[in-house]
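# I'll drop the sequence and a predicted model, then ask my questions.
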Amino acid sequence: RDKVLHYNEDGSIEVFTIENPDVLEAIKTSYREMNWAVKVGNTITSSLGQMHTRFNPAFPPMDFIRNSITNAGLISAREGGKVAREYLAAVATNVARNGFAKAGKLSRLVTTNNTAELDRLYKKGHPFYRDAIDMMKYGGRTMYRMSFNITDTATELEQQLGPNKIIKGRGRQALDIVKKWFDAYNDAFELTSRVAAYSIRKQQNIAEAKKKGINTNDRKVMEDIEKEAAAFALSLMDFRKIGKYGRELGAYFMFIRPAATGAVDAIDALRPGFTTPQKAFARLEPEIQELFETKTLAEAVKRIQASENPDQEKIRLLQEEIAKREKAFADFEKRQLTRAKNARNTAMFTVAAGAAIYAMAAAVSGEDDEGRNRITSDDMSRWTRYSRLPSIGGEGFLQIPWGVGVSGLMSAGAQTAALASGNSNCKDFAGNMTEIAIDSYLPIPASRINPFENFGAWLIDSAAPSAARPLVEFVLNVDAMGNPIYNSR
C-alpha cells in the first residue's frame, strides 16, 4: 500500500516507502483494500469488458474514430477551434502517411522489448517515430516503462517483493504473448491519435517559447516542452484515473473507468463557459490561492514605511513581488475568460453541427419501400451515439460515432433538429436526450432502455451489475434497447 515503484531510464526499479498518507495519495492516487468479493467482481466484469474491446478486432478502428472526434471536442473547448482543426489535420496526416502501420510496428517493438530497433528508428529521425517514442518516454502512454527490459524488471521485482509475487508458467507466458499482440494491434490505432495530440502541443510549446525569447536548442528546455506535451496528450484519455471508489464500482459496472473519466473531462472542459473567473479562483486550493495573495505583502510595506528607518531594499523587493502576483492573477483571469469563450463557442458549434448533419442527411436521402424519406422516418434512438448517413445506391447507412463528452453535443443537435422538423415526438426526444446526457456526463454506464417508456425496467437494468444484466433483462422480458425478448403469451 505504501510502496511506490520508480522505473529508471535503464530499466531498473527503485522502491520507495511513503508514510505520509496525503503525499502518498497525491503521488499514487487513492488506495483502498479490496475484499475477495470485489476482486472476483472486478475479474469477471473486466474479462467480459475485454472481450468487447481488447480482444475484439472490430473495436479499435471504430474507437479510433470516436476518440479522435472526442479529443477534437475537448481540445476545442480547452484550447480553441483552431487547435482542434490542427489536431484533426494531424490525425489525417498520420493516417495518410501510413501512420497505422508505423504505430503498429512501434507497438510491436515495445511489447516485444526490441529496444535496439526502437533506438534505430529514433535516430533515423522520422517525425512520427521520434514524437511517439518521446511521448511514451515522458509518460504519454500508460505504463510505458514497464515494457522495457522486462526480464530484468521481473528479476528485480522478485528480489524486492518476493518470489510468490511473480507469476510463472509456460501457459501464462503463452497467454501474455497473445495479449501483447492484441495490445500492439490496439495501440496501432490509439498511438496514431495520441501522437497527433502530442505533436501539435509540442509545436505550440516551441512557438510559445520562441516568442518569449527562450532558447529551444537547450536540451533542458526541449525536455520540459516534451514533458508538457506528453502530459497534454495523456490528459485527453487518461483511463488510469480511478478515484477512491473506482475499484468497487468496477466490480459491478463494465467500462466504469472510461465512463467516469470521460464525464469528468467533459464537465471540466465546458464548466468555464458557465462560470466567472472569480468563481474559478474560489475553487482553487487554499495553497494555490495564497500564491496570488497581495494584501499581506501590502500591509508589510506600510509597516516598513512607517518605521523610523525604512529598509528601502526590502520595500522594493516586496513591491516587485506584489506586482508579480498581480500580473499572475491578471494572466489567470485572462486564461479563464479565454477558456470560457472557447467552451461556449464549442458548445454552440457542436450542437449546430449535429443539427446540420441531420438536415443534410435528410436532404440527400432516398426513399424506403413505403416511399418515406429514409432519414426523417428513421428511429432517432439510433442517432444517440452515431450519425447515420444514407449510403449511395444502397439501402444501408454509414454510421459514424459522434464521440462522447463535448462532441456528444452533436447528437443533441441532431435530436433537436428532428424534433423541430416534426420527425420526432417529445417523449422520444426526452428519452434520447436523457440517454445522451447520461452517456457523456454521468460516470455510470446506464441502461439503453428509454426511461420515459419503461422507467422501472430502466432503473433496475441500470442498477444491475453488468455481468447480471442479461439475466435481469430476461426476467423482465426486455432487452437493453427496450424491446421484448420473447413472446410472453
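Sure thing, it's come through.
# Following element in sequence after the helix or strand where Asn186 lies, please.
Asn186 is part of helix 170-211, with elements assigned from DSSP states H and E. Note on helix 170-211: by DSSP H and E, the next helix or strand toward the C-terminus is helix 219-236.
# Which secondary structure elements does that next one sit against?
Other helices and strands packing on helix 219-236, by 3 or more Cβ pairs under 8 Å, 6 or more residues apart in numbering; DSSP states H and E, are helix 59-79, helix 127-137, helix 170-211. Using the backbone N, CA and C atoms, a C-beta is placed for each residue, glycine as well.
# by how many degrees do the shortest one and helix 170-211 diverge?
Interaxial angle, helix 127-137 versus helix 170-211 (axes from the mean of the first three to the mean of the last three Cα atoms, to 10 degrees): 110 degrees.
# What are the buried residues along helix 127-137?
Within helix 127-137, the residues that count as buried by 16 or more other Cβ atoms under 10 Å are Phe128, Tyr129, Arg130, Asp131, Ala132, Ile133, Asp134, Met135, Met136, Lys137.
# in the stretch 51-200 of the chain, which ranges drop under the pLDDT threshold?
For the stretch 51-200 of the chain, the stretches with pLDDT under 70 are 140-172.
# Redo the buried residues of helix 127-137 as TSV? Include distance to Phe232.
As requested, the buried residues of helix 127-137 are exported to TSV (distance: Cβ to Cβ, whole Å):
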residue	distance to Phe232
Phe128	18
Tyr129	20
Arg130	17
Asp131	13
Ala132	15
Ile133	17
Asp134	13
Met135	10
Met136	14
Lys137	15
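# Just the closest of those to Ser377, please.
Phe128 (44.9 Å; Cβ to Cβ).
# which residues does the closest residue to the closest one other than its chain neighbours contact?
Distances taken as Cβ to Cβ, 6 or more residues apart in numbering put Lys102 closest to Phe128, at 5.2 Å, once the chain neighbours are dropped. By Cβ atoms under 8 Å, 6 or more residues apart in numbering, the contact list for Lys102 reads His126, Phe128, Tyr129, Ala132.
# tally of neighbours for the nearest residue to Trp402 once chain neighbours are set aside?
Counting by Cβ to Cβ, 6+ apart, the nearest residue to Trp402 once its immediate chain neighbours are dropped is Ser411, at 4.5 Å. Ser411 has 30 neighbours, counted by other Cβ atoms under 10 Å.
# Ser411: which element?
Judged by DSSP H and E, Ser411 forms part of helix 409-420.
# Hey, what's the angle from that helix to helix 59-79? Just curious.
Using the same axes, to 10 degrees: helix 409-420 against helix 59-79 is 90 degrees.
# So what touches the helix or strand just after helix 409-420?
Elements were assigned by DSSP H and E; along the chain past helix 409-420, the next helix or strand is helix 426-441. By Cβ under 8 Å, 6+ apart, the surrounding residues in contact with helix 426-441 are 262-263, 266-267, 380-381, 383-385, 404-406, 408-409, 411-412, 415-416, 418-419, 424, 444, 446, 448, 450-453.
# on that earlier part again, for the helix holding Ser411, name the packing helices and strands.
helix 312-364, strand 386-390, helix 426-441.
# and these as TSV, adding mean neighbour count and mean pLDDT?
Formatted as TSV, those follow (neighbours: other Cβ atoms under 10 Å; pLDDT from 0 to 100):
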stretch	mean neighbour count	mean pLDDT
helix 312-364	16	94
strand 386-390	19	93
helix 426-441	18	90
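# of all those, which lies closest to Pro484?
Closest among the helices and strands packed on helix 409-420, using Cβ to Cβ: helix 426-441, at 17.4 Å.
# Now the element after that closest one, going C-ward?
In N-to-C order, the element after helix 426-441 by DSSP H and E is helix 455-463.
# pLDDT on that following helix, on average?
Mean per-residue pLDDT for helix 455-463: 88.
# Then stretch 398-410?
The model assigns stretch 398-410 a mean pLDDT of 92.
# quick one: terminal-to-terminal distance for that stretch?
Stretch 398-410 has an end-to-end distance of 17 Å (Cα to Cα, to the nearest Å).
# ok, and what's touching it?
Contacts of stretch 398-410 (Cβ under 8 Å, 6+ apart): 62, 65-70, 72-74, 76-77, 262-263, 265-266, 269-270, 346-347, 350-351, 353-354, 357, 385-391, 411, 436, 439-441.
# What of stretch 286-306?
With contacts defined as Cβ under 8 Å, 6+ apart, stretch 286-306 is touched by 281, 310-311, 314-315, 318-319, 321-322, 325-326, 328-329, 332.
# again with stretch 326-344
Taking Cβ under 8 Å, 6+ apart as the rule, stretch 326-344 contacts 76-81, 269-277, 280-281, 291-292, 294.
# Show the buried residues in these.
76-80, 269-273, 277, 280, 294.
# Now the two most distant members of those residues.
Taking Cβ to Cβ, no two of the buried ones among the contacts of stretch 326-344 sit farther apart than Ser76 and Thr294, at 34.5 Å.
# how many neighbours does the spatially closest residue to Phe59 that is not a sequence neighbour have?
Distance criterion Cβ to Cβ, 6+ apart; nearest residue to Phe59, sequence neighbours excluded, is Thr53 at 5.0 Å. Neighbours of Thr53 under the rule other Cβ under 10 Å: 14.
# Isn't Thr53 up against Met62?
No. Between Thr53 and Met62 there is no contact under Cβ atoms under 8 Å: 10.3 Å.
# Can you list phi and psi of the residue lying farthest from the centre of the chain for me?
Most distant residue from the mean C-alpha position of the chain: Glu308, 59.7 Å away (Cα atoms, centre = their mean). Per-residue torsions, Glu308: phi -70, psi -40 (degrees, to the nearest 10).
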